[in-house]
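> Have a look at this prediction, sequence included:
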Amino acid sequence: MTTLLIFTDLDGTLLDHHTYSFKPALAALQSLKTFSIPCIINTSKTFAELASLRKELNHQDAFIVENGSAVYIPKKTPLSIDEQLEDCGDYWRKSFGPKRDELIKLTNDKQDQYTFKRFSDMTYQELMSITGLNSTNAQLAMQREFTEPMVWTDSNLALNALRDDLAPYDVQIQKGGRFAHLMGEHCDKANAMLWLKELYEVQSDDDVITMALGDGENDIGMLSQADIPVVIRSPVHAPPEIPNRCDAWLTDAYGPEGWAQAINLQLTKQGIL
C-alpha cells in the first residue's frame, strides 16, 4: 500500500492565472477529500491570503506559505510532531527563514544599482493594477511575514548580480510567475514539502509518495524533489524545465483544468477512481 500526498501551487495551477477561479478543479478536490488524500497548498501567498481562500476550498490540511518560508499545521491534525514548533493560535508553525523586515533592510541601498520595486514600496492600489486582485485581496497579499516580492524590470544578468550580492547574508531570490521573491536561503517549496513528508512517514506504515503540481520557476525545486512531478501548462509563459526529470508530466489543459486532469489520472492509475 502507498499513501499519496498532493502538494500544489495556487496561482496558475489550482487557480486560473487570469480569473483566480478554481471551479474546474472542484470535482477532483472532492475526490481527494472522499479518499482522505491530503492536499497540501504550497504557495507564494501569505497566511492572511489563505485564511479566506481555504474556507472557499474547504481546505483542512497543512499548508505552506511564501514559497516554503513556513509550514502551518492545524492543531486538529492527526500528525504526530516531535519538534518544538511556534504556537500560532489554531496552528503550529515551522519557519525556515528570516523575517521580512530583515529582507527589506538588506535591499534598501540596492535600488541605486538595480531597477525593481518591492511590495513595501507600493500602495495596495498599485498591486491591484499589477495582479488584477481586488482591494481586499491586494491588502492581504501585502501582509507578508518572511518574504518580500519585487517587480523586477532589470535584466536577468542584473538579477543574478543581486543574487550574488545577497548570498553572503543567506538570502536568495526566486522568480515566480509575476514577481521575484526575496527570501531566506533555506526557504524553499521543496524543503518544506520534504519536511512535511517526513511527518507523514513517521506515522504511516505505508510508503509515502508525493505528487507535486506547479507552473512556475519557483515550483522547480518542489517538482524536482517530488515522486510524481506535474507541470501545469500556463497561458502566459513556457513550461519550466525540471532538471534530470524526464518523467515529469506536462498537462494538455491550462491551470485548474489541467490540475484536475492530472489528479484524476493519478487516482485512476492507483485504482482509486
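Looks like it came in fine.
> alpha carbons only for contacts and neighbour counts from here, please
Noted.
> Please enumerate the strands of the stretch 101-250 of the chain.
Taking DSSP state E, counting those that start in this stretch as the criterion, the stretch 101-250 of the chain carries its strands at 116-118, 148-152, 171-175, 180-184, 207-214, 228-233, 249-254.
> Check which helices and strands the longest one is in contact with.
Looking back up the chat, that one is strand 207-214. strand 2-8, helix 189-203, helix 220-225, strand 228-233 (3 or more CA pairs under 8 Å, 6 or more residues apart in numbering; DSSP states H and E).
> quick one: low-confidence parts of this protein?
177 (pLDDT under 70).
> Quick check: the residue nearest the centre of it vs Lys105, distance?
With distances taken as CA atoms, centre = their mean, the residue of the chain nearest its centroid is Thr43 (2.0 Å). Separation of Thr43 from Lys105 (CA to CA, to the nearest Å): 24 Å.
> Then Asn244?
37 Å.
> buried set for stretch 99-111?
99-100, 102-104 (16 or more other CA atoms under 10 Å).
> With stretch 133-142 instead?
133, 137-142.
> now Ala192: how far from Leu157?
Applying CA to CA to Ala192 and Leu157 gives a distance of 29 Å.
> one step back: dump the buried residues of stretch 133-142 into JSON lines; add distance to Ala51 as well.
Conversion of the buried residues of stretch 133-142 to JSON lines gives the following (distance: CA to CA, whole Å):
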{"residue": "Leu133", "distance to Ala51": "16"}
{"residue": "Asn137", "distance to Ala51": "11"}
{"residue": "Ala138", "distance to Ala51": "14"}
{"residue": "Gln139", "distance to Ala51": "13"}
{"residue": "Leu140", "distance to Ala51": "10"}
{"residue": "Ala141", "distance to Ala51": "11"}
{"residue": "Met142", "distance to Ala51": "14"}
